[in-house]
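In: Here is a sequence with its predicted model. Questions after.
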Amino acid sequence: MTVLALMRHGQSEWNLQNRFTGWWDVQLTEKGEAEATRAGELLSEAGVDFRQCFTSVQTRAIRTLWLALHSMDRCWLPVTKDFHLNERHYGGLTGLDKAETAAKHGDDQVKIWRRSYDIPPPELEAGSEFDLSKDPRYDGIDVPATESLKLTLERVLPYWNGTIAPVLTGGTNTIISAHGNSLRAIVKHLFDVSEDDIVGVEIPTGNPLLIELDDALKPVSARYLDADRAKTLPAIK
Ligand SMILES: O=C(O)[C@H](O)COP(=O)(O)O
């Protein structure tokens, strides 16, 4: 049995301000830092011998991992950073206030943009202040103009299959520090969640989801380590 911990970053500045973030790089709040430190304590208490970590190239996920590893006294663990684990790109919604956007376009439309499987938000306009195509961390990478969850999964899955799955299959207990929607994509794949049911799956900040995987990388158990802040998990098939 191999153990995988999926950890969404702690609260970010734009989570607090209720703004669409996506690929935009924002910092953790003090509360987010505390969540990350607590996540590390919970991972330690779980008593799992973690040996490998993966994260995105976004500061909030990287720092969450650093803070968690620090409180686990495991700063020495290898960490691989890759843009395939980035948050889904929120396109033209990036930077907008979620409540103001709902007031303007209606709750139903915003829910479709946020949670539908295959309807992406409007594209980010060329020359937008949130255009990241010149950011050095994305040298040689085709930065998307928007992403649905489906497109996010199509980005994450080759990385999962090519890089993460072989590590897990080799029996290495692994932590992935990433984002609400890149983790929803992984959960959809691992738990074989339908396109309809993934709409209702939410991932809380800074609350590690501990999953035991069999040799075929099918979940045999799953639980949030902070039970008081747990969200409903998809059924194990
Ligand atoms: O990118 C964002 O705004 C958040 O990380 C996730 O937002 P959501 O819950 O609106 O998809």
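Out: Okay, I see it. Fair warning: this is a prediction, and the values are worked out from it, not measured in the lab.

In: Backbone dihedrals for the residue lying closest to I119 once chain neighbours are set aside, please?
Out: In this structure, I119 finds its nearest non-sequential neighbour in I112, 5.3 Å apart by C-beta to C-beta, 6 or more residues apart in numbering. Heads up, the C-betas are built off the backbone N, CA and C, glycines and all. Note on I112: backbone dihedrals following degrees, to the nearest 10 are phi -60, psi -50.

In: mind listing what's buried in stretch 197-207?
Out: Across stretch 197-207, burial judged by 16 or more other C-beta atoms under 10 Å covers I198, V199, V201, I203, T205, G206, N207.

In: what about the fifth one, distance to I186?
Out: Read that as T205. Distance, T205 to I186, using C-beta to C-beta, to the nearest Å: 16 Å.

In: Check the fourth one too.
Out: I203 sits 10 Å away from I186, taking C-beta to C-beta as the criterion.

In: neighbours of the closest residue to the ligand within the chain, just the number please.
Out: As assessed by C-beta to the nearest ligand atom, the ligand sits closest to T21 within the chain, at 3.6 Å. As a burial measure, T21 scores 24 neighbours (other C-beta atoms under 10 Å).

In: Report the contact partners of it.
Out: Listed by C-beta atoms under 8 Å, 6 or more residues apart in numbering, the contact partners of T21 are S12, W14, N15, E87, Y90, T94.

In: tell me the centre residue of the protein?
Out: Using C-alpha atoms, centre = their mean, the residue of the chain that lies closest to the mean C-alpha position is H179, 2.1 Å off.

In: contacting residues around the helix ranked longest in the chain?
Out: Longest helix in the chain, counting residues (DSSP state H): helix 30-45. Residues outside helix 30-45 that contact it (C-beta under 8 Å, 6+ apart) are 5, 7, 9-12, 15-16, 28, 50, 60, 63-73, 175, 205-208, 225-226.

In: Need the buried ones from the residues you listed selected in PyMOL.
Out: Provided next is the PyMOL selection string for whichever of the contacts of helix 30-45 are buried by 16+ other C-beta under 10 Å:
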select buried, resi 5+7+9+10+11+12+15+28+50+60+63+64+65+66+67+68+69+71+72+175+205+206+207+208+225
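
In: quick one, helices of the protein?
Out: Using DSSP H, the helices found in the chain span residues 13-16, 30-45, 59-72, 98-105, 107-115, 149-159, 165-169, 180-191.

In: and K134, how many neighbours does it have?
Out: With other C-beta under 10 Å as criterion, K134 counts 8.

In: Just the pLDDT at it, thanks.
Out: K134 carries a pLDDT score of 94 in this model.

In: before we move on, the earlier item: skipping its backbone neighbours, what lies nearest the residue nearest to the centre of the chain in space?
Out: That would be E87: by C-beta to C-beta, 6+ apart, it lies 3.6 Å from H179.

In: what do you get for T59?
Out: Spatial nearest neighbour of T59, excluding adjacent residues (C-beta to C-beta, 6+ apart): D25 at 5.2 Å.

In: In contact with that neighbour, which residues?
Out: If you count contacts by C-beta under 8 Å, 6+ apart, D25 has them with Q58, T59, R60.
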